[in-house]
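K.L.:
sequence plus predicted model, see below.
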Amino acid sequence: MKNFPVPRGTNDILPSEIPLWLNVESKARHLLRTYGYQEIRTPLFEETELFARSMGETSDVVQKQMLNLAASHREDAEKTTSASLSLRPESTAAVVRSYIQHHFDQKENLTKLFYIGPMFRGERPQKGRLRQFHQIGVEAIGPESSLAYLDAEVISLSVHLLRSLGLKNFRLKLNTLGSPDDKKEFSRQLREELRNKISDLCEDCQGRFERNVFRILDCKNKTCREIVSRINIGHSYLSQESQVYYVQVKEALESLGIVFEESFNLVRGLDYYTHTVFEITDSSLGSQDALGAGGRYNNLVSQLGGPQADAVGFALGVERILLAMAPDGVIQEAPLTVYMIAMNEESYRKAFEILHLFRGQGISADMNYRLASMKSQMRSANKIGARYVAILGEEELRQNAVTVKDMTSGTQETIAVENLTKVFKEKNFVIHNHE
Ligand code: AMP
């Protein structure tokens, strides 16, 4: 018989891991709201062209990693349109698409949005590199968003978020690409520096030389790295204005006490970035060491047919955050508060009613749906990880009470049914609220 394992590069997130995910997601949501960001949820797929136009036809993601929905061609062919659809490899373009479509610019001068969700890239899977992974990201977009303080806010938010999750050993790298004109000058200078070394570059980089010369700067090949380390352009491509902006960003970060390292080689492989770019790495992650990255993208909104609006954002990888987090970073909540145990046929109906009572009050409860021995039911309660068991036998039924046993301390007490949910609430057993 054929087996159906999970597709390569994807993971089931199992019940035992869910508390770790909820911890990250709820802390992130809380902090993002503290900074004035509101959640947005866009579809998991968009027109392929949206990604190609925003990230750039020559970016690695668009060239090699798009997961195309083949069926969409067929369906659209009937309607004589030919929109090709792809699973989203990232969310910036989708958020900008939504910003334009819903005329956010007419409602406010600055729109601050965040998202949490899965992204898809057809990469060769390895540790820390998946085909379905999750990102937490923000985008601050608006006609009045070109302010160095906003760059600093977005960067400090990403640092704050990682710290609030208990991460300490990460490094923040910062650079600026300048305006689109500066960027052109930067690529011109890079090509000039590299022109007589093309034949020494790896095969990929030889292709990148014309297509997307910036990508050579983050090639992992040893020879390419050596060549890159000898490039000495500094920030000579920057206009006076861009230089002033960069200094303002750095000063704003310093005023917040954010420690950063300047990295002239940090360029990010996507077309839409302008001015500030940053990346956060953690060496404990091995070769895929980027926890997240972001920067400013001042022309994307208008490039995608929207109004003139500048923007800045970041995306952090949830799987990599979880890999870098200390294993004891989360206090594991008991998966279940009460496990009901009915001792005989007569008590079963009452137990079922009490089960309903607990749940109605927001106290998580479960039971064995088939009558079994006390021993076997206790075993089930243990297996589930119930915090308490509530036992209902003949004697309890007569008294209209239950015997509640604390599974950690082993102590037990008999509580009248009418007081049951009150007692549980007073003891602060309530409970499954992750917000
Ligand atoms: P990027 O847009 O490629 O800079 O991605 C931002 C962050 O998302 C990275 O720093 C990683 O933490 C995470 N990420 C990107 N691609 C993957 C992937 N294939 N698997 C797991 N995490 C990823």
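P.N.:
Ah, there it is.
K.L.:
can you tell me how far residue 19 sits from residue 25?
P.N.:
Remark: distance between residue 19 and residue 25 (C-beta to C-beta, to the nearest Å) = 11 Å. The C-beta positions use only the backbone N, C-alpha and C, and glycine is treated the same way.
K.L.:
repeat that for residue 351.
P.N.:
Residue 351 is 35 Å from residue 25, by C-beta to C-beta.
K.L.:
cool, and residue 414?
P.N.:
In this view, residue 414 and residue 25 are 40 Å apart by C-beta to C-beta.
K.L.:
quick check: phi and psi at the closest residue to the ligand within the chain.
P.N.:
Going by C-beta to the nearest ligand atom, the ligand is nearest to residue 317 of the chain, at 2.2 Å. The phi/psi pair for residue 317 (degrees, to the nearest 10) reads phi -90, psi 120.
K.L.:
beta-bridge partners for it, please?
P.N.:
Residue 317 forms beta bridges with residue 135, as assigned by DSSP bridges.
K.L.:
that one contacts residue 135, doesn't it?
P.N.:
Yes: using C-beta atoms under 8 Å, residue 317 makes contact with residue 135 at a distance of 6.0 Å.
K.L.:
what packs against the one helix or strand residue 26 maps to?
P.N.:
Assigned by DSSP states H and E, residue 26 falls within helix 18-34. With contacts taken as 3 or more C-beta pairs under 8 Å, 6 or more residues apart in numbering; DSSP states H and E, helix 18-34 sits against strand 111-120, strand 132-142, helix 148-164, helix 318-324.
K.L.:
ok, which of these comes nearest residue 374?
P.N.:
Between residue 374 and those, the shortest gap by C-beta to C-beta is with helix 318-324, which sits at 39.3 Å.
K.L.:
avg pLDDT for the helix or strand just after the closest one?
P.N.:
Later in the chain than helix 318-324, the nearest helix or strand by DSSP H and E is strand 336-342. The pLDDT scores in strand 336-342 average 94.
K.L.:
domains in the chain, as residue ranges please.
P.N.:
For the chain, automatic domain parsing gives the domain ranges 18-179+239-329, 338-426.
K.L.:
in TSV, list the ones you listed along with mean neighbour count.
P.N.:
Formatted as TSV, those follow (neighbours: other C-beta atoms under 10 Å):
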stretch	mean neighbour count
domain 18-179+239-329	18
domain 338-426	16
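K.L.:
want to try a markdown table for those, with distance to residue 207 as columns?
P.N.:
Shown next, in a markdown table, are the domains of the chain (distance: least, C-beta to C-beta, whole Å):
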| stretch | distance to residue 207 |
| --- | --- |
| domain 18-179+239-329 | 9 |
| domain 338-426 | 54 |
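K.L.:
who wins for proximity to residue 1 among these?
P.N.:
domain 18-179+239-329 (25.3 Å).
K.L.:
what residues does this structure have near the ligand?
P.N.:
With the criterion set to C-beta under 6 Å from any ligand atom, the chain comes near the ligand through 90, 121, 123, 128-130, 133, 135, 290-293, 315, 317, 319-320.
K.L.:
and the residue of the chain closest to the ligand, what is it in contact with?
P.N.:
Applying C-beta atoms under 8 Å, 6 or more residues apart in numbering, we find residue 317 in contact with 128, 133, 134, 135, 290, 291, 292.
K.L.:
from those residues, which is closest to residue 422?
P.N.:
Distances from residue 422 to those, taken by C-beta to C-beta, are shortest for residue 134, at 40.0 Å.
K.L.:
looks like that closest one contacts residue 116 (just checking).
P.N.:
Yes: Residue 134 is within contact range of residue 116, at 7.1 Å (criterion: C-beta under 8 Å).
K.L.:
overlap in contacts of the two?
P.N.:
Shared contacts of residue 134 and residue 116 (C-beta under 8 Å, 6+ apart): residue 318.
K.L.:
pLDDT value on the nearest residue to residue 21 once chain neighbours are set aside, please?
P.N.:
Spatial nearest neighbour of residue 21, chain neighbours left out: residue 13 (6.1 Å); criterion: C-beta to C-beta, 6 or more residues apart in numbering. Residue 13 is assigned a predicted lDDT (pLDDT) of 96.
K.L.:
what residues are shared contacts of residue 317 and residue 135?
P.N.:
Contact criterion C-beta under 8 Å, 6+ apart; residues shared by residue 317 and residue 135: residue 292.
K.L.:
for residue 217, phi and psi?
P.N.:
Main-chain dihedrals, residue 217, degrees, to the nearest 10: phi -70, psi -30.
K.L.:
ok, it touching residue 229?
P.N.:
No: if you go by C-beta under 8 Å, residue 217 and residue 229 don't touch, sitting 10.2 Å apart.
K.L.:
which one of those two has more residues nearby?
P.N.:
A direct count of neighbours by other C-beta atoms under 10 Å for residue 217 and residue 229 places residue 217 higher, at 22 against 9.
K.L.:
gap between that one and residue 183?
P.N.:
13 Å.
K.L.:
correct me, but residue 228 touches residue 264?
P.N.:
No: assessed by C-beta under 8 Å, residue 228 is found out of contact with residue 264, at 10.0 Å.
K.L.:
after the helix or strand encompassing residue 276, next one along is what?
P.N.:
For residue 276, the element it lies in under DSSP H and E is strand 274-282. Sequence-wise, the next helix or strand downstream of strand 274-282 (DSSP H and E) is strand 290-296.
K.L.:
now for the helix or strand that that following strand is followed by, which elements pack on it?
P.N.:
With elements assigned by DSSP H and E, the helix or strand that comes after strand 290-296 is helix 300-303. Secondary-structure packing of helix 300-303 (3+ C-beta pairs under 8 Å, 6+ apart): helix 48-55, helix 92-101, strand 310-317.
K.L.:
can you pull the contacts of the nearest residue to residue 60 once chain neighbours are set aside?
P.N.:
Nearest residue to residue 60 in three dimensions, chain neighbours excluded: residue 269, at 5.8 Å (C-beta to C-beta, 6+ apart). Listed by C-beta under 8 Å, 6+ apart, the contact set of residue 269 reads 59, 60, 61, 212, 214, 215, 218.
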